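K.L.:
Give me a 3D structure for the following:
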Amino acid sequence: MLTKCYISLGSNLNRPARQISKAIKALNQLPASRLLQVAPFYRSRAVGPGIQADYLNTVAELATGLDALTLLKKLQTLEQAHGRRRIIRWGPRSLDLDILLYGQRTVNSTRLTIPHPRMHLRNFVLLPLADIAPNLVLPDGRPLRRLLANCPSEGIVRLDAGECRGSTG
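P.N.:
Reported below is the predicted structural model:
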């Protein structure tokens, strides 16, 4: 049985639009998985230490037969293949992939927390998620629309397809 999950994608290094586009293709090639849809790209201010370039972000909807921890391992392998180095927490990155939701399941382990523990604070996650799943309700019963209404929208811009192609970082 396939589980519908949502993955956030972000990049602010090494041609971010290209990094994310390649990652989207790779998501569609994960074993026992099928890419269902991808939200438009957004440009947002970096969250993290120091002065960083803006991020490009989107969210993908994936149907997968992988369990949540196996999916996490596959996503981390994909990040590494794209040059991700975990040096500074919330530092610049070539590719950041996070499991936001995994069906209606909750996971609380030392390796993984689902729903993503900070997604309700991040407009660069909520806006693209709402583009592809506007009526989504989280496992705890909170509607996505309520989270979005309580999240500031400053510092983020939805890009059209032409702007994404031109975003080379």
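
K.L.:
Now do the contacts for A63.
P.N.:
Contact partners of A63, counting by CB atoms under 8 Å, 6 or more residues apart in numbering, are 2-5, 33-34, 36. (C-beta placed from N, C-alpha, C; glycine too.)

K.L.:
Most neighbours among those residues, please name it.
P.N.:
C5 (22 neighbours; other CB atoms under 10 Å).

K.L.:
How about the secondary structure of that residue?
P.N.:
Per DSSP: H, G, I helix; E, B strand; the rest coil, the secondary structure class of C5 is strand.

K.L.:
and P117, how many neighbours?
P.N.:
For P117, the number of neighbouring residues by other CB under 10 Å comes to 9.

K.L.:
I51 now?
P.N.:
Neighbours around I51, by other CB under 10 Å: 6.

K.L.:
do G141 as well
P.N.:
G141 has 7 nearby residues by other CB under 10 Å.

K.L.:
what's the distance between it and Q104?
P.N.:
10 Å (CB to CB, to the nearest Å).

K.L.:
before we move on, what about Q52?
P.N.:
34 Å.

K.L.:
of these two, who's got more company?
P.N.:
Applying other CB under 10 Å to Q52 and Q104 shows that Q52 carries more neighbours, namely 17 against 12.

K.L.:
what helix or strand is the residue lying closest to that one once chain neighbours are set aside on?
P.N.:
Excluding the flanking residues, the one nearest Q52 by CB to CB, 6 or more residues apart in numbering is A46, at 3.6 Å. Using DSSP states H and E, A46 sits in no helix or strand.

K.L.:
and if you look at L36?
P.N.:
Assessed by DSSP H and E, L36 sits inside strand 33-38.

K.L.:
Kindly report the same for L9.
P.N.:
strand 3-11.

K.L.:
List the residues that contact L62.
P.N.:
L62 makes contact with 4-7, 27, 30, 33-36, according to CB under 8 Å, 6+ apart.

K.L.:
Present these as TSV; the columns should include pLDDT and distance to P152.
P.N.:
Output for the contacts of L62, formatted as TSV (pLDDT from 0 to 100; distance: CB to CB, whole Å):
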residue	pLDDT	distance to P152
K4	98	28
C5	98	26
Y6	98	21
I7	98	23
L27	97	29
L30	97	33
S33	97	33
R34	97	34
L35	98	30
L36	98	29
